[in-house]
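>>> Let me see the structure of the following:
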Amino acid sequence: MLREAEPTDAEAIGQVTVAAWRAAYQPFMPKEFLKAMDATRNLSELRTRLVNQNSHFTLSVAEECGQVVAFSIIGKPRYEAPPKTIELWALNVLPEYWRRGIGTSLVERAIAFSSRSGFNSIELWCIKGNTRAQETYKKLGFIESGHERSSSRLTGSTLHELHYSKAL
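As a prediction, the model looks like this:
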């Protein structure tokens, strides 16, 4: 079941983030960074944002048997972007639920919401070499733009990202 996240989902969202990142990003992020991740970090800020969702921040969750197993976030681009563009900030799925179509369903929901909300395009940044994610986005009609960026701000180690865009 897919639905808009609620403040009571904040802890589960934190747990999904940590589990998904530790499994998916081992080749790209320092082990110390992944090991130090804390599922309870920033929960009060997240709860506040979940109370006030709008087109600048919308978080959807996927549930299986009443448990949050995945989420996606779309919002105002966190970089210079054309008008009427929205960014897929995050897509995280518990590793034991990978390859079941849950991530695809969440992205399709984000695309539909963005289109209904009057956006012309949805964009995202994906870690270079994260082929599982890159394949999913391409399958859903995202096109690699050729733009790349690199930053060490998040982990202390340089991450290389590829830009993808989809016209709505």
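>>> okay, CA-based contacts and neighbour counts for the rest of this
OK.
>>> Spell out for me which residue occupies the centre of this protein.
residue 90 (1.1 Å; Cα atoms, centre = their mean).
>>> any idea how far that residue is from residue 65?
Going from residue 90 to residue 65 by Cα to Cα, to the nearest Å gives 23 Å.
>>> what do you get for residue 150?
Residue 150 is 39 Å from residue 65, by Cα to Cα.
>>> Pick out whichever of these two has more residues nearby.
residue 150 (13 against 7; other Cα atoms under 10 Å).
>>> quick check, the more buried one in a strand?
Yes. Residue 150: assigned to a strand according to DSSP: H, G, I helix; E, B strand; the rest coil.
>>> dump the residue contacts of it.
The contact partners of residue 150, by Cα atoms under 8 Å, 6 or more residues apart in numbering, come to 158-161.
>>> which one of those sits closest to residue 126?
Closest approach to residue 126 among the contacts of residue 150 (Cα to Cα): residue 161, at 5.2 Å.
>>> give the contact list for the residue nearest to the closest one when sequence neighbours are not counted.
In space, and not counting its chain neighbours, residue 161 is closest to residue 127: 4.3 Å by Cα to Cα, 6 or more residues apart in numbering. Contact partners of residue 127, counting by Cα under 8 Å, 6+ apart, are 28, 159-162.
>>> Residue 106 versus residue 127, what's the distance?
Counting by Cα to Cα, the separation of residue 127 from residue 106 is 19 Å.
>>> Residue 39 too?
Residue 39 sits 21 Å away from residue 106, going by Cα to Cα.
>>> Can you pick out the residue with more neighbours from these two?
Neighbours of residue 39 and residue 106, each counted by other Cα under 10 Å, are more numerous for residue 106; the result is 24 against 17.
>>> And residue 148, how close does it get to residue 65?
Computed with Cα to Cα, the distance linking residue 148 and residue 65 is 39 Å.
>>> try residue 38
Taking Cα to Cα as the measure, residue 38 falls 25 Å from residue 65.
>>> And the helices in the protein?
For the chain, applying DSSP state H gives helices covering 10-24, 31-36, 43-51, 102-116, 131-139.
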